[in-house]
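> Predicted model, plus sequence, below.
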Amino acid sequence: MSAHLSNQIAVIVQTVVTLLAAFTVAFWLGLVVWTFRDIYARSRDILALIFAPLLVLILGPAGWLLYLLLRPHRTLAELYDQALEEDVLLRQVDIQPVCPHCKQPVEKDWQVCPYCHTPLRRPCPNCGRLIDISWDICPYCATDVKPALVVRETPPPHQIEAASPPPVEPTATTAE
Ligand SMILES: [Zn+2]
Ligand SMILES: [Zn+2]
């Protein structure tokens with residue numbers, strides 16, 4: 001009777017141990033598969049794709065923890081999104097023109113920078129459309145606009161009075 005009972009207990013214990021072992025193996029392999037998927041989302045480096053699952057296969061949960069510590073911080077999708085975002089930002093910066101002198105934002109159809117009075121654009125003498133101050137030909141009507149009009153920066157009158165000395169009377173003696 002007791003022999004039969006102990007035999008039953010032995011069978012139960014063996015079943016539990018077998019189930020635990022099967023679960024452990026499944027869990028172990030699951031970690032390996034998970035690691036492979038995770039590293040595949042983060043890297044296309046063939047060595048990483050081999051060694052990361054191999055590490056988990058050999059060391060199990062310990063290897064998995066080690067992998068979590070060492071894996072690339074961002075997934076490839078996140079890196080792609082980040083690159084896309086930076087590209088959009090750069091393009092926005094490109095779209096907004098700035099004054100070449102004072103770097104203040106200016107509009108595309110402004111002729112003069114309102115901050116530092118630097119000439120930006122001028123109307124074409126033929127078709128009247130605004131062209132860049134540095135161009136020597138109108139891209140709209142192909143008119144040669146040389147020589148480039150250089151708009152001189154003139155300070156307000158009161159500054160002229162303050163800064164420049166009084167005009168010297170021309171004298172006949174200086175010529176000789
Ligand atoms: Zn300016
Ligand atoms: Zn023109």
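Nice, I can see it. Numbering: from 1, shown residues only. Ligands and ions are numbered 1, 2, ... in the order given.

> Give me the below-cutoff pLDDT ranges for the chain.
Along the chain, segments meeting pLDDT under 70 span 1, 93-94, 147-176.

> Try it again at 90.
For the chain, residues meeting the criterion pLDDT under 90 lie at 1-5, 87-98, 100, 107-109, 122, 132-136, 144-176.

> what helices or strands is the longest helix along it leaning on?
Looking across the chain with DSSP state H, the single longest helix is helix 2-42. Applying 3 or more CB pairs under 8 Å, 6 or more residues apart in numbering; DSSP states H and E, one finds that helix 2-42 contacts helix 46-59, helix 61-70, helix 76-95. All C-beta atoms are positioned from the backbone trio N, CA, C, and that covers glycine.

> Run through who's touching the shortest one.
Contacts of helix 61-70 with the rest of the structure, by CB atoms under 8 Å, 6 or more residues apart in numbering, involve 31, 34, 35, 38, 39, 52, 55, 56, 57, 59.

> one more time with 10 Å
With contacts defined as CB atoms under 10 Å, 6 or more residues apart in numbering, helix 61-70 is touched by 24, 27-28, 31-32, 34-35, 38-39, 48, 51-57, 59.

> Quick one: distance of it to the chain centre.
In terms of CA atoms, centre = their mean, to the nearest Å, the gap separating the centre of helix 61-70 from the centre of its chain is 31 Å.
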